[in-house]
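1. Here's a sequence, model it:
(2 chains)
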Number of protein chains: 2
Amino acid sequence: MRAVARANANVALVKYWGKRDESLVLPQHGSISLTLDGLSTTVRVAFDPALGNDDIRMGGLPAGEKERGRVSAFLDLVRHRARTALRAAVDSESTVPLASGLASSAAAYAALALAASAAAGLSLDAEELSRLARQGSGSACRSIHGGFVEWQRGEAPDGSDSIAHQLLVPHAWEVCDVIALCGSGEKEVSSRDGMRRSVNTSIFYPAWLAAAEHDLTTMRLAIADRNFTALGLTAERNALRMHATALGADPPIRYWNAGTLAVMERVERLRATGISAYCTVDAGPHVHVLTPLETVPSVQAALADLPMVHGVLRCGQGGGATLIEAS
Amino acid sequence: MRAVARANANVALVKYWGKRDESLVLPQHGSISLTLDGLSTTVRVAFDPALGNDDIRMGGLPAGEKERGRVSAFLDLVRHRARTALRAAVDSESTVPLASGLASSAAAYAALALAASAAAGLSLDAEELSRLARQGSGSACRSIHGGFVEWQRGEAPDGSDSIAHQLLVPHAWEVCDVIALCGSGEKEVSSRDGMRRSVNTSIFYPAWLAAAEHDLTTMRLAIADRNFTALGLTAERNALRMHATALGADPPIRYWNAGTLAVMERVERLRATGISAYCTVDAGPHVHVLTPLETVPSVQAALADLPMVHGVLRCGQGGGATLIEAS
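-> Got it, this is the predicted structure:
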């Protein structure tokens, strides 16, 4: 009736940008990510006959109304499957720095899928967990797995084949992510809304869709070949195109701020000095700088003194979602 | 045999981004601009039987080899038309601040077209001048005229109908351009190369082309209606899409730097306070902020204290190219 699980955040190397089905959370195209260590969310779930309503907390404090509704709807999927009507107490704790503005819904829903299903007495395999987590937050399906992960688009109208699986590579290949926090505190367009507006109004969306398919092929090869340059170039190009697609929406969506561009300029200059580093940016201003393990200190040092960078986080490759406790 | 002419720079409200014929300088689509006062280039041309070669100078100093070749090739067009083989001494002076990185080729080639044709004894009308100036630098064909100007794409293979004409609006409507200089001193991709790479490799180019046609219609209406909001929104959206198209090239082209984004953020905040101001950006990092005359001081003040802005220029509406002296 109780379980605790933890999952890591992930950074997309080929971005997920657009749904074909909003309620089932089915993507327009596949995506590839790297699961990160150091940025995890731990979720504890306890189904409790004494509760009249779900009690949803974050770090011990009651979650906001919107988040409560979203988590309860997700718990309904688990209850339906476990044939129970019991309400649950849910609490989550994240190692993602508060107010960093780094989205952690992928880690949260991957951990929630595992904790809630275990607490409900279900024993789901990775494929089933990935399918479930996807319905909480699309990219959460990728955080079920560690290392390099591909979320395949799938074809089935019910979403049964829209799941993530690990891309196998030798563990010796350590690709790292140095995250430059460029939060300006301004309200952004959520990735959910940004995707929707891009799909519905961006003049560039059809071209993005075709390019994403192509990037998936290139990225799979880069990972299989352990070719960091190909991985970095493809990830950077893909991210720029995702942001270009958002800029092509009506009204345009701009996620970048001055800090974002300062980091891009700095990374370009680093590359000119022979350091292999590439940028990727999600639906926000922060920049993920991909670099091999040995150049992490140089990249970290180069970003730390930029005036518009509020913090630098360094992440290696993380593992998949894990069950910490169940009773 | 001698003539002096002056022409103003212009800022495109619907951008020119892509050629269909490189040697005749024929665009893929039409564009609309505003001719600016305060940023002009004065060119003096003297055909001289004593010269064995063209003597091309900028501010009295010999021009670089690349520029010399380009100007001589342009003078060949004038010589061909005037049936002369005489070489010319050319000198130009610009009010565009040195090292601002603001392109002034439009003003320069518009003034050169007028000065060289007059010095060669040709008396060309505005249409002929526009056609000639275009072959020196595409957007120069717009600087022949003052105020709002449309460069029509044209259909003829020889480019005879690819010329600019003025869009008539009451002179009472003063749209201003406050230019934030965000030069970082880094080498950029020239607009010539950026266009070529965009046409040849950008996954977004076909969508850009269709959108540009649509923006031309919207912009013509906005100008005819003196609707500043429609003008600003359309110009900003069009510029973002031009830059998105460049980002979609392979390798991607990024003209923006941290200063560019700092200005965009600031302008967005100004708009939230009720000030009507919109951004447009050419093939470089500088931001042109379009605003009505009465809000120029507020915009200027808001931009002047940004740490990454090296200077702020304020321009009103300028007139067409003028012949200052001919003998």
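
2. Pull the contacting residues for A:Asp215.
-> Taking CB atoms under 8 Å, 6 or more residues apart in numbering or on different chains, we find A:Asp215 in contact with A:14, A:234, A:237-238. For the C-beta atoms, the positions are set from N, CA and C on the backbone; glycine is no exception.

3. want to throw these into TSV with pLDDT?
-> TSV is the format used below for the contacts of A:Asp215 (pLDDT from 0 to 100):
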residue	pLDDT
A:Val14	98
A:Thr234	98
A:Arg237	98
A:Asn238	98
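
4. pLDDT wise, what is the closest residue to A:Lys15 other than its chain neighbours at?
-> Residue nearest to A:Lys15 in three dimensions, not counting chain neighbours: A:Met242, with 4.4 Å by CB to CB, 6 or more residues apart in numbering or on different chains. If you check A:Met242, the pLDDT there is 98.

5. Also A:Asn257?
-> Looking at A:Asn257, its pLDDT reads 95.

6. Can you report phi and psi for it?
-> phi -130, psi -170 (degrees, to the nearest 10).

7. any idea which element the residue nearest to it when sequence neighbours are not counted lies in?
-> Counting by CB to CB, 6+ apart, A:Asn257 lies nearest to A:Pro285, which is 4.4 Å off, once chain neighbours are set aside. Assigned by DSSP states H and E, A:Pro285 belongs to no helix or strand.

8. A:Arg192 now?
-> Per DSSP H and E: A:Arg192 is located in helix A:191-201.

9. What residues sit buried inside the helix or strand following that helix?
-> Per DSSP H and E, the first helix or strand lying C-terminal to helix A:191-201 is helix A:205-224. Neighbour-count burial for helix A:205-224 flags A:205, A:207-208, A:211-212, A:215-216, A:218-220, A:222-223 (criterion: 16 or more other CB atoms under 10 Å in any protein chain shown).

10. Can I get the residues you listed in JSON lines including pLDDT?
-> Converted to JSON lines, the buried residues of helix A:205-224 look like this (pLDDT from 0 to 100):
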{"residue": "A:Tyr205", "pLDDT": "98"}
{"residue": "A:Ala207", "pLDDT": "98"}
{"residue": "A:Trp208", "pLDDT": "98"}
{"residue": "A:Ala211", "pLDDT": "97"}
{"residue": "A:Ala212", "pLDDT": "98"}
{"residue": "A:Asp215", "pLDDT": "98"}
{"residue": "A:Leu216", "pLDDT": "98"}
{"residue": "A:Thr218", "pLDDT": "98"}
{"residue": "A:Met219", "pLDDT": "98"}
{"residue": "A:Arg220", "pLDDT": "97"}
{"residue": "A:Ala222", "pLDDT": "96"}
{"residue": "A:Ile223", "pLDDT": "95"}
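
11. okay, those in CSV with distance to B:His80 next?
-> CSV is the format used below for these (distance: CB to CB, whole Å):
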residue, distance to B:His80
A:Tyr205, 48
A:Ala207, 42
A:Trp208, 47
A:Ala211, 45
A:Ala212, 50
A:Asp215, 49
A:Leu216, 54
A:Thr218, 49
A:Met219, 54
A:Arg220, 57
A:Ala222, 53
A:Ile223, 58
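
12. B:Asn53: which of the residues you listed is nearest?
-> A:Ala207 (47.9 Å; CB to CB).

13. Pull up the per-residue confidence for the closest residue to A:Ala258 other than its chain neighbours.
-> Leaving out its chain neighbours, the residue that sits closest to A:Ala258 by CB to CB, 6+ apart is B:Ala262, at 3.9 Å. Per-residue pLDDT puts B:Ala262 at 97.

14. ok, now how distant is B:Ala262 from A:Ser31?
-> Computed as CB to CB, to the nearest Å, the B:Ala262 to A:Ser31 distance reads 31 Å.

15. The two: which has the busier surroundings?
-> Taking other CB atoms under 10 Å in any protein chain shown, B:Ala262 and A:Ser31 do not tie; A:Ser31 has more neighbours (28 against 25).
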